[in-house]
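Peer 1: model the structure of this input:
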Amino acid sequence: MAKNEFDIINHYFAQQQPQRDDVALAIGDDCALVDVAANYQVAISTDSLVAGTHFLVDADPALVAYKALASNLSDLAAMGATPAWVSLALTLPTIDEAWLAPFCHGFFELANKYNIQLIGGDTTKGPLSITLTVQGLVPRGQALTRSGAQVGDDIYVTGDLGDSAAGLALILNQSHCEPALAAALVERHFKAQPRVNVGEALRGIASAALDISDGVIADVKHISDRSQVAIEIDVEQLPLSAELLAFCHGDRQQAQQLALTSGEEYELCFTAPKANRDALKLALAHTNVKYSCIGKVVAGHGLSLLQLDKPLSWQLSGWDHFVVTNK
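Peer 2: Here you go, the predicted model:
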């Protein structure tokens, strides 16, 4: 039975994975030591998940662990990086082994799938929160950024959009639907698929990229700002799942608005020159991931929503941690 911080580390986190060849020293010292191959750069991202903001306190800990790691893997995917190492800082109100065991199962199951090794971190007492720092490898000079979009580029998204928002509404009892549909949408909220293989395939093809963590309508503005361009989105081209349309009782406008505003989708949004359309199709063919062209990059700044080439005046916003609570 774990009685203190070191018991938790030794019992639940140390020696849970095979050691990668590029890890010289992992859990157990003040720092980890890793080797970086020549002509590679390290992509690094840190995210925190806080109980009551990103997940309910009574949420399944295995799903919480999956969501925490998947969100960080998605950041690496957006840069075209291959996952390598992760550090975990875990704050717990008490040592609750009934919570820790499934949490670790969910965490290491996903970590092993992507060959990302836990190399260190911290445990402490306090309100329940999870902070991960992930590191990945990308060939020097090939990282995808938000600043490369050019006028004339197409803009794409992977997967379907809006399902995560529908799942969250069901989790919070803000909506109801038949059980099978509800189960599918709740799972898509908690178990979004990080598009690591897509990010790797987009190197040298996409001009800019990011992951959809705050909603398309919020995130594409980052590409607009960093690339100093304007973006037009055709709402009729937004990819909507059959489940989302059923959740919206066939109301396509409601589904489109959820698709634009849904946070924590962890799909990729990226731009690419029209000349790269064939290369893009070939590069993504092996990923088995759906992708859709939803608009284009034009001169100017900001974001415009269009429907049948006519401007829309929808007043929408994405996810904001300092406005929305009880997630």
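Peer 1: for stretch 9-23, what is the distance to the chain centroid?
Peer 2: Relative to its parent chain, stretch 9-23 has a centroid offset of 24 Å by C-alpha atoms, centre = their mean, to the nearest Å.
Peer 1: correction: the previous question concerned stretch 201-219.
Peer 2: On C-alpha atoms, centre = their mean, the centre of stretch 201-219 falls 11 Å from the chain's centre.
Peer 1: before we move on, what about stretch 210-222?
Peer 2: Stretch 210-222 has its C-alpha centroid displaced from the chain centroid by 11 Å (C-alpha atoms, centre = their mean).
Peer 1: list the buried residues of it.
Peer 2: Neighbour counts over stretch 210-222 (16 or more other C-beta atoms under 10 Å) mark 210-221 as buried. Quick note: C-beta positions are derived from backbone N, CA and C, even for glycine.
Peer 1: how about Thr133, what does it touch?
Peer 2: By C-beta atoms under 8 Å, 6 or more residues apart in numbering, the residues touching Thr133 are 44-46, 72, 86-87.
Peer 1: out of those, who's nearest Phe55?
Peer 2: Asn72 (14.6 Å; C-beta to C-beta).
Peer 1: tell me which element the closest one is part of?
Peer 2: helix 61-78 (DSSP states H and E).
Peer 1: which elements pack onto that helix?
Peer 2: The elements that helix 61-78 packs onto, with contact taken as 3 or more C-beta pairs under 8 Å, 6 or more residues apart in numbering; DSSP states H and E, are strand 40-50, strand 82-92, helix 97-113, strand 129-139, helix 179-190, helix 196-202, strand 208-211, strand 268-272.
Peer 1: could you dump those to TSV with distance to Ala279?
Peer 2: Output for those, formatted as TSV (distance: least, C-beta to C-beta, whole Å):
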stretch	distance to Ala279
strand 40-50	23
strand 82-92	20
helix 97-113	28
strand 129-139	17
helix 179-190	30
helix 196-202	10
strand 208-211	15
strand 268-272	8
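Peer 1: just put the ones you listed in JSON lines and tack on distance to Gln237 and mean pLDDT.
Peer 2: Output for the helices and strands packed on helix 61-78, formatted as JSON lines (distance: least, C-beta to C-beta, whole Å; pLDDT from 0 to 100):
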{"stretch": "strand 40-50", "distance to Gln237": "29", "mean pLDDT": "96"}
{"stretch": "strand 82-92", "distance to Gln237": "30", "mean pLDDT": "97"}
{"stretch": "helix 97-113", "distance to Gln237": "31", "mean pLDDT": "95"}
{"stretch": "strand 129-139", "distance to Gln237": "30", "mean pLDDT": "98"}
{"stretch": "helix 179-190", "distance to Gln237": "21", "mean pLDDT": "94"}
{"stretch": "helix 196-202", "distance to Gln237": "18", "mean pLDDT": "98"}
{"stretch": "strand 208-211", "distance to Gln237": "18", "mean pLDDT": "97"}
{"stretch": "strand 268-272", "distance to Gln237": "13", "mean pLDDT": "98"}
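Peer 1: looking at these, spot the one closest to Leu76.
Peer 2: Closest among the helices and strands packed on helix 61-78, once you apply C-beta to C-beta, is strand 129-139, at 4.0 Å.
Peer 1: secondary structure element for the spatially most central residue of the chain?
Peer 2: Among the residues of the chain, the one closest to the centroid is Tyr266, at 3.0 Å (C-alpha atoms, centre = their mean). Under DSSP H and E, no helix or strand contains Tyr266.
Peer 1: hmm, it is touching Lys191, no?
Peer 2: No: applying C-beta atoms under 8 Å, one finds Tyr266 not in contact with Lys191, separated by 9.8 Å.
Peer 1: which residues are in contact with each of the two?
Peer 2: Common neighbours of Tyr266 and Lys191 (criterion: C-beta under 8 Å, 6+ apart): Ala70.
Peer 1: pLDDT weak spots in the chain?
Peer 2: Within the chain, the segments meeting pLDDT under 70 span 1-3, 317-327.
Peer 1: how is it partitioned into domains?
Peer 2: 5-139, 153-311 (the TED database).
Peer 1: which of those sits closest to Thr145?
Peer 2: When these are compared by C-beta to C-beta, domain 153-311 sits nearest Thr145, at 6.4 Å.
Peer 1: touching, Val57 and Ala51? I think so.
Peer 2: Yes: between Val57 and Ala51 there is a contact at 4.8 Å, judged by C-beta under 8 Å.
Peer 1: so which of the two has more stuff around it?
Peer 2: Using other C-beta atoms under 10 Å as the criterion, Val57 and Ala51 rank with Ala51 on top: 18 against 10.
Peer 1: which strand residues bridge that one?
Peer 2: Beta-bridge partners for Ala51, by DSSP bridges, are Phe55.
Peer 1: and what of Ile130?
Peer 2: Where Ile130 sits in a bridge, its partners, by DSSP bridges, are Leu49, Leu90.
Peer 1: cool, thanks, talk later.
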